[in-house]
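Chemist: Any chance you can model this:
(chains A and B)
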Amino acid sequence: MTSTVQGKPTQKAASRRKLGDPRNERLFWWGGLLFVPVIWQIYSMISESPLIVGPIDVGVASIAMIQDGTLLKAAGESGLVFVTGMLAGILLGLLVGLLVGRFRAVDVALDPYISALYATPLVALVPLLVVALGFGFNAKVVIVMIFAFFPVAINVAAGVRGVPVDLEELAKMYCSNELQSWRDIVLPSSLPFIVTGMRLAVGRALIAVVVAEFSTAVTGLGYLILRNSRRFEMAESLVPVVVLMLTGFVLYTLLKRSEKRLAPWVSGAPA
Amino acid sequence: MSRQKVWAIRLAAAVLLLGGWYAAAIRSGSLFLATPQEVIIRLGQSMASGEFLQYLGPTAYILGIGAGLGIAMGVPFGLLIGRVRWLQWATEAPINIFYTTPLVALIPFMLVIIGFNNQSKILIVFLFTVLPVIINTAVGVRTVDRDLLELTRSFCSKEAPVWRDVLLPASLPAIMTGLRIGLIHALVGAVLADFYAGASGFGYLIILYSNRFDVAGALAPVLVLAATGTAVAALLKTAQRRLSPWQGAQR
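Modeler: As a prediction, this is how the structure comes out:
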């Protein structure tokens, strides 16, 4: 991000370049990060409405909720649904993605459906899934699994399709069998795509967890949000939201980092 | 693989999937799954009775305004933070945090503050749309060929021509990607808004019929939503390919 051109800047350009000086990056980054909570806090203090609570209220509420155990219990319940559903979705996505990417016939047969369902607002299916599967743990896991499946399958398929043909030909020339070429060529070169799929799946799976908990049984962070906001306990209802935010951000950042490490040459859009 | 073979496989897959759906529907009983035929018949009935349009209207309204605002604000803002470096730094953390947040979690909160009305619904759709639009637009501007930008500087080009001749054309594919993802998110937002923020629209129709165990009735709007999402994605992907044939469409 360094500017390589040392032109003769006009007065106006010079002042802009000063703001964009690389040394300012940290300052602006932290400023931007703190901007939203600070404005929010000030607004909550000005506003007379008891429904507008600031970050400090949320912090106080979170301490109380940690101490009486409600937050940890809810986070544990949601976490279990999230992890189980994600794992199932990733495994299924890997399997289907590998098959679709590797075998042209499977690709031709399934790709239209996978693309169509990826563009479908899957939330619309949630009420039906609840009717079919009930209000329990299984229904939630299935909902999360369905949401996590599509980005993984699509990205894995793209990764396997993109395996360099030269390498495959080389492997064939040396009489490597299917298993060996999977182990040595297909899987390693599609690994970054698998991680991309997982990164996109995290966001969708978190949505699925919340939607599932909104519309099924009385457990988890989603339920905590719903219950507390219906009692107009705004600070208490924002605590789980913050937990979800942090979870999403941390997982996304970690996966993004490992993507960069696995494939530094790819600079993908954060689509 | 020849064309005929491709279509043969597609046909076989379609027959297999439909057959599987039929078999599953018949085995599980009408309480849990409806046959494709029932869904189509219900869709026809609901279109004929006017119920379809009655519920489509509110959803189309919140989608139009929410997604329209999201695009109208997201694209310029994305262009700006893609170009101005200090703005990029300042907005990076909040935008990424909000993008990775499951925005659904904020819906109950918005309902208490704003109320069960169309304003909340429009806000929900707007929030779902605007973030992917901003992010993809900004990435598009930021990844414009550096050599071209240096060239414009060497020729002392003013800011406006740089935008017109270099930045906008070069970032168009990324903007289209943003629009595609934004509109698909907008559909999700609209369904969620209908679910939670008041009894109107397509989402509500799904809930209504699901609660009555009328699976065919609930699947009909789902089918329409699926078709809409697929059509939007396909259209924008085609447009993107037309506009920038040198670039493979990204997901």
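Chemist: Tell me how many other residues crowd A:Tyr223.
Modeler: Per other C-beta atoms under 10 Å in any protein chain shown, the neighbour tally for A:Tyr223 reads 19. From N, CA and C alone the C-beta is placed, and that goes for glycine too.
Chemist: got it, and A:Ser44?
Modeler: Neighbour number of A:Ser44 under other C-beta under 10 Å is 19.
Chemist: for the record, mean pLDDT for stretch B:54-69?
Modeler: On average, the pLDDT along stretch B:54-69 is 90.
Chemist: A:Ile52: which element?
Modeler: Assigned by DSSP states H and E, A:Ile52 falls within no helix or strand.
Chemist: Excluding residues flanking it in the chain, which one is nearest it?
Modeler: Nearest residue to A:Ile52, sequence neighbours excluded (C-beta to C-beta, 6 or more residues apart in numbering or on different chains): A:Ser44, at 4.8 Å.
Chemist: quick one, phi psi at the one you found?
Modeler: Phi and psi for A:Ser44, reported as degrees, to the nearest 10, are phi -70, psi -30.
Chemist: Mind naming the longest helix for the chain?
Modeler: Going with chain A. Counting residues, the longest helix found in chain A (DSSP state H) is helix A:70-102.
Chemist: Chain B was what I was after
Modeler: Per DSSP H, chain B has its longest helix at helix B:51-83.
Chemist: any idea which element residue 18 lies in?
Modeler: Since no chain was named, I'll use chain A. helix A:11-19.
Chemist: oops, chain B please
Modeler: Residue-wise, B:Leu18 maps onto helix B:3-28 under DSSP H and E.
Chemist: Kindly report the same for A:Ala201.
Modeler: Element membership of A:Ala201 [criterion: DSSP H and E] is helix A:187-215.
Chemist: Geometric centre of the chain: which residue is closest?
Modeler: Chain wasn't specified; assuming chain A. Central residue of chain A (C-alpha atoms, centre = their mean): A:Gly203, 2.6 Å from the mean position.
Chemist: could you do chain B instead?
Modeler: Most central in chain B under C-alpha atoms, centre = their mean is B:Ile184, positioned 1.0 Å from the mean C-alpha point.
Chemist: Could you check how far it is from chain A?
Modeler: 5 Å (C-beta to the nearest C-beta, to the nearest Å).
Chemist: residue ranges for the helices of the chain, please.
Modeler: Picked chain A for this. Ranges of helices in chain A, per DSSP H, are A:11-19, A:25-46, A:55-67, A:70-102, A:104-119, A:126-133, A:137-161, A:165-173, A:178-181, A:187-215, A:220-230, A:234-262.
Chemist: try chain B instead
Modeler: For chain B, the helices defined by DSSP H occupy B:3-28, B:36-48, B:51-83, B:85-100, B:107-114, B:118-142, B:146-154, B:159-162, B:168-196, B:201-211, B:215-243.
Chemist: Ok, which of those helices comes nearest A:Ile225?
Modeler: Closest approach to A:Ile225 among the helices of chain B (C-beta to C-beta): helix B:107-114, 5.4 Å.
Chemist: Now that closest one: buried residues?
Modeler: For helix B:107-114, the neighbour count (16 or more other C-beta atoms under 10 Å in any protein chain shown) marks B:Ile107, B:Pro108, B:Phe109, B:Met110, B:Leu111, B:Val112, B:Ile114 as buried.
Chemist: Can you list the low-confidence ranges for chain B?
Modeler: By pLDDT under 70, the low-scoring segments of chain B are B:29-31, B:245-251.
Chemist: make it 50
Modeler: When residues are selected by pLDDT under 50, those of chain B lie in B:248-251.
Chemist: what does the stretch 1-150 of chain A give?
Modeler: Within the stretch 1-150 of chain A, the ranges that satisfy pLDDT under 50 run A:1-12, A:14.
Chemist: Tell me which other helices or strands the longest helix of chain B touches.
Modeler: The elements that helix B:51-83 packs onto, with contact taken as 3 or more C-beta pairs under 8 Å, 6 or more residues apart in numbering or on different chains; DSSP states H and E, are helix B:36-48, helix B:85-100, helix B:118-142, helix B:168-196, helix B:201-211.
Chemist: can you tell me which two in the buried residues of helix B:107-114 are farthest apart?
Modeler: Across the buried residues of helix B:107-114 (C-beta to C-beta), the longest gap, 11.3 Å, separates B:Pro108 and B:Ile114.
Chemist: ok now stretch A:19-33, how far from the chain's centre?
Modeler: Stretch A:19-33 sits 26 Å away from the centroid of its parent chain (C-alpha atoms, centre = their mean, to the nearest Å).
Chemist: For burial, what's the neighbour tally of the closest residue to B:Leu205 other than its chain neighbours?
Modeler: Leaving out its chain neighbours, the residue that sits closest to B:Leu205 by C-beta to C-beta, 6+ apart is B:Tyr55, at 4.6 Å. Neighbour count for B:Tyr55, taken as other C-beta under 10 Å: 21.
Chemist: residues contacting B:Tyr55?
Modeler: By C-beta atoms under 8 Å, 6 or more residues apart in numbering or on different chains, the residues touching B:Tyr55 are B:Ser200, B:Gly201, B:Phe202, B:Tyr204, B:Leu205, B:Pro221.
Chemist: which residues does the fourth one contact?
Modeler: Pointing back at B:Tyr204 there. B:Tyr55, B:Asp194, B:Phe195, B:Gly198.
Chemist: Check A:Val156 and give its pLDDT.
Modeler: A:Val156 is given a pLDDT of 90.
Chemist: The residue nearest to it when sequence neighbours are not counted and chain B, how far apart?
Modeler: Spatial nearest neighbour of A:Val156, excluding adjacent residues (C-beta to C-beta, 6+ apart): A:Gly97 at 2.7 Å. Going from A:Gly97 to chain B by C-beta to the nearest C-beta gives 13 Å.
Chemist: Tell me the spacing between A:Gly97 and A:Phe150.
Modeler: 10 Å (C-beta to C-beta, to the nearest Å).
Chemist: Between those two, tell me which one has more neighbours.
Modeler: Neighbour count, other C-beta under 10 Å: between A:Gly97 and A:Phe150, A:Gly97 has more, with 29 against 24.
Chemist: and chain A, which of the buried residues of helix B:107-114 contact it?
Modeler: Near chain A, taking C-beta under 8 Å from any C-beta of the partner chain as the test, the members of those found are B:Pro108, B:Phe109, B:Leu111, B:Val112.
Chemist: quick one: which of those is nearest chain A?
Modeler: B:Pro108 (3.9 Å; C-beta to the nearest C-beta).
Chemist: Do I have it right that the closest one meets A:Arg227?
Modeler: No - taking contacts as C-beta atoms under 8 Å, B:Pro108 lies outside contact range of A:Arg227: 9.2 Å.
Chemist: Mind listing the shared neighbours of these two?
Modeler: Common contacts of B:Pro108 and A:Arg227 (C-beta under 8 Å, 6+ apart): A:Ser237.
Chemist: which ones are touching A:Ala235?
Modeler: Taking C-beta under 8 Å, 6+ apart, one finds A:Val53, A:Asp57, A:Val58, A:Val60, A:Ala61 in contact with A:Ala235.
Chemist: For the second one, grab the count of nearby residues.
Modeler: One way to gauge burial is a neighbour count; for A:Asp57, by other C-beta under 10 Å, it gives 17.
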